[in-house]
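Chemist: pasting the sequence and the predicted coordinates here, then a few questions.
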Amino acid sequence: MLAENKDEMREKILEAALKRFMHYGAGKTTMNEIADDLRCSKASLYYYFSDKKTLHNAVLMKIGETFFQELEVEADRTDITSEEIFFNLIAIKIQFVERFSRLELFKILNDKSEEIQQIVRTVEAREYVMLTKVVKKGVETGEFDVANPEEIGILYKDAMEGLRFAGMSCMPESIVELDKEGFEKIVAQQKLLTEIFVRGIKKQ
């Protein structure tokens, strides 16, 4: 099988899985159903993905990359203030979670494999670069008054991440999904934190 055909088939599987996950929920979808949608054998799916968990993770990584690219485009905007960008980034995250809520987005946090942990570390590094860029832009335009944008960027990232995990602290060790009430609480806290944070670094 040619490499391009293999890549094309892999993408078709991911698209079919995403479509079914969004409609029926990831937990209720079987590999047989995805194979039926593609009119192929279940063995064909296992050629590309060793099990449903691997396929689920691949779908999450696919939509996650698209999501992160959207965040980075927003962070690069020059037509609005850095404060507005910070709040827009939160809005994009809300839209993402609401749109893909049936995909059990938080389930990937249970995967402690080195492959997934490396992806998590890469995402965290990209987020740090993105947030630092927003702070630097605010300094350059005179909106923010800070001497160390890099430290401010990582402080904001860690604070926002802390709220996410604080909201999950009451959940079982095996995280499947954050309920709507828990999600809304985290969002409200992140907005308040951002408001306080921006007020603290704004040029007086």
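Modeler: Structure received.

Chemist: wait, doesn't residue 198 sit right on residue 85?
Modeler: No. The pair residue 198 and residue 85 does not pass the contact test of C-beta atoms under 8 Å, sitting 10.3 Å apart. No exception for glycine: its C-beta is placed from N, CA and C like everyone else's.

Chemist: could you say which helix or strand contains residue 13?
Modeler: helix 3-24 (DSSP states H and E).

Chemist: sorry, back to before: now for residue 198 and residue 85: what residues contact both?
Modeler: Shared contacts of residue 198 and residue 85 (C-beta atoms under 8 Å, 6 or more residues apart in numbering): none.

Chemist: buried sites along the helix ranked longest in the chain?
Modeler: The residue-count maximum for a helix in the chain (DSSP state H) belongs to helix 114-140. By neighbour count on 16 or more other C-beta atoms under 10 Å, the buried set for helix 114-140 is 116, 119, 127-128, 130-139.

Chemist: same list, these, but as JSON lines with distance to residue 160 and pLDDT please.
Modeler: JSON lines is the format used below for the buried residues of helix 114-140 (distance: C-beta to C-beta, whole Å; pLDDT from 0 to 100):
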{"residue": "116", "distance to residue 160": "21", "pLDDT": "82"}
{"residue": "119", "distance to residue 160": "19", "pLDDT": "85"}
{"residue": "127", "distance to residue 160": "9", "pLDDT": "95"}
{"residue": "128", "distance to residue 160": "11", "pLDDT": "95"}
{"residue": "130", "distance to residue 160": "12", "pLDDT": "97"}
{"residue": "131", "distance to residue 160": "9", "pLDDT": "97"}
{"residue": "132", "distance to residue 160": "14", "pLDDT": "97"}
{"residue": "133", "distance to residue 160": "16", "pLDDT": "97"}
{"residue": "134", "distance to residue 160": "12", "pLDDT": "98"}
{"residue": "135", "distance to residue 160": "13", "pLDDT": "98"}
{"residue": "136", "distance to residue 160": "18", "pLDDT": "98"}
{"residue": "137", "distance to residue 160": "18", "pLDDT": "98"}
{"residue": "138", "distance to residue 160": "17", "pLDDT": "98"}
{"residue": "139", "distance to residue 160": "20", "pLDDT": "97"}
